[in-house]
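Next comes the sequence, and after it the predicted model I'd like to discuss.
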Amino acid sequence: MHPEFLLCGLEDLGALRLRGADAGRFLQGQLSGDVLQLSPERSLLAGYHNPQGRTIALLRLVHLGAEDVLAILPRELLAPVAQRLGKFVLRSKVTITDDSAQWRIDGLICAAPAGVCAGTSTLPLPAGGQRRLGETIVVCVAEHPQRWIALSPRAPAPGRTGQSSLPAQPPAGAEPALPPATAAERARWRELDVRAGQPEVYAPTSEQFVAQMLNLDVIGAIAFDKGCYTGQEVIARAHYRGRVKRRLQRFRSREPLALAPGDTGSLPDGRPFTVVQAARLADGRCEFLAVARLPGAEPESSGTEAAKPVDAQPLPLPYALPE
């Protein structure tokens, strides 16, 4: 019998916690998403950028309380992001801590053939929806197939004393638990990210790409009608004054190949690319998301062709790119 749900550990992701009376206002001035839209029923995807509009990290924001936000991002970027954000706290009433050790982060996948599971009545929908199930906070990150991130508080370490910094939990039995699921490998989640055109920023690609090159304007990680934030001037100029020549695109190699974020190469038509996400398929081939010049766009005068040729075919994204 085909399992309806798969569950895979996302141990490579961590959690920054921002607490205090000014937490929301502080994040609103730092991130490209409209943090004012964050609520107990809605999570938010937002970019953190440098003054040149290049993406430092992509954060999934989760509402824990009125003055309490959890930001999910790759563990390898936790320290640099926390340090950089900390420089702008100044007199704001906000504290930034690495709370990764206090949370277990899992990915829940609908494995039904059509990508839509019958047992989702207790899970949040659509994408961006957030709901608390007992002690677990569940966030919907995709709908085709349906996928969720589950955040579960870990038990305190033996001998630990003092008040827990985790949010107060509802009474036992107030909400149902996650549905039964079969264990899956982390690679399965990464493969679905690639097919969904969902970028991620890792250390090798941090600060390499302006937000639109990662399609953050298409996937809802930029709010063009909000106030100022770091990098806004460059991002807004790219949006209102010109077509972005390089964007995130999806490819599949025709031969067995291993690629990782930050790897570079050139496509059969000579266009250079930089890998953002990559998934190794069962037959050894690689399906990957890469930033490359759009077909038909003129080469940038400052660009150089990559030396390593890769025989890869373009694949469609599940969303349309701006013309």
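The structure has been received and is ready for your questions.

And the helix or strand encompassing residue 149, how far out from the chain middle?
In the assignment (DSSP states H and E), residue 149 maps to strand 146-153. On the basis of CA atoms, centre = their mean, to the nearest Å, strand 146-153 sits 13 Å off its chain's mean C-alpha point.

Could you list the buried residues of that strand?
Neighbour counts over strand 146-153 (16 or more other CB atoms under 10 Å) mark 146, 147, 148, 149, 150, 151, 152, 153 as buried. Every C-beta, even on glycine, is put in place using the N, C-alpha and C of the backbone.

Likewise for stretch 210-230?
So for stretch 210-230, counting by 16+ other CB under 10 Å, buried means 210-219, 221-223, 226, 229-230.

Among these, which lie within strands?
Members of these lying in strands (criterion: DSSP state E): none.

leaving aside the residues next to it on the chain, what's closest to residue 311?
In this structure, residue 311 finds its nearest non-sequential neighbour in residue 254, 4.7 Å apart by CB to CB, 6 or more residues apart in numbering.

How about the contacts made by that neighbour?
285, 311, 312, 313 (CB atoms under 8 Å, 6 or more residues apart in numbering).

Show me this protein divided up by domain.
What automatic domain parsing lists as the domains of the chain is 5-158+173-192, 198-315.

Throw these into TSV and include distance to residue 321, thanks.
As requested, these are arranged in TSV below (distance: least, CB to CB, whole Å):
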stretch	distance to residue 321
domain 5-158+173-192	17
domain 198-315	6
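
Which one of those lies nearest to residue 322?
Among those, domain 198-315 comes nearest to residue 322, with 7.1 Å by CB to CB.

And the closest one, end to end?
Counting by CA to CA, to the nearest Å, you get 14 Å between the two ends of domain 198-315.

pLDDT weak spots in this structure?
1-2, 156-176, 300-307 (pLDDT under 70).

Please enumerate the strands of the stretch 151-300 of the chain.
182-183, 246-253, 264-266, 272-280, 286-293 (DSSP state E, counting those that start in this stretch).

Who does the longest one pair with, and is each partner parallel or antiparallel?
It stands for strand 272-280. Strand pairing for strand 272-280, determined by DSSP bridges: strand 264-266 (antiparallel), strand 286-293 (antiparallel).

Please identify the most buried of the ones you listed.
Counting by mean count of other CB atoms under 10 Å, strand 286-293 has the highest mean neighbour count of the strands paired with strand 272-280, with a mean of 24.

Next, the angle from that strand to strand 246-253.
150 degrees (axes from the mean of the first three to the mean of the last three CA atoms, to 10 degrees).

chain center to strand 286-293, what's the gap?
Relative to the centre of its chain, strand 286-293 is centred 16 Å away, using CA atoms, centre = their mean.

then that strand to PDB, C-alphas only?
What follows is strand 286-293, C-alpha atoms only, in PDB (Å, rounded to 0.1, in the frame of the first residue of the first chain):
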ATOM      1  CA  CYS A 286      21.100  15.700 -11.300                       C
ATOM      2  CA  GLU A 287      18.100  17.900 -11.300                       C
ATOM      3  CA  PHE A 288      19.000  21.400 -10.200                       C
ATOM      4  CA  LEU A 289      18.000  25.100  -9.800                       C
ATOM      5  CA  ALA A 290      20.600  27.500 -11.200                       C
ATOM      6  CA  VAL A 291      20.800  31.200 -11.800                       C
ATOM      7  CA  ALA A 292      21.500  31.700 -15.500                       C
ATOM      8  CA  ARG A 293      20.900  34.200 -18.200                       C
END
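
Please consider this matter closed, and thank you.
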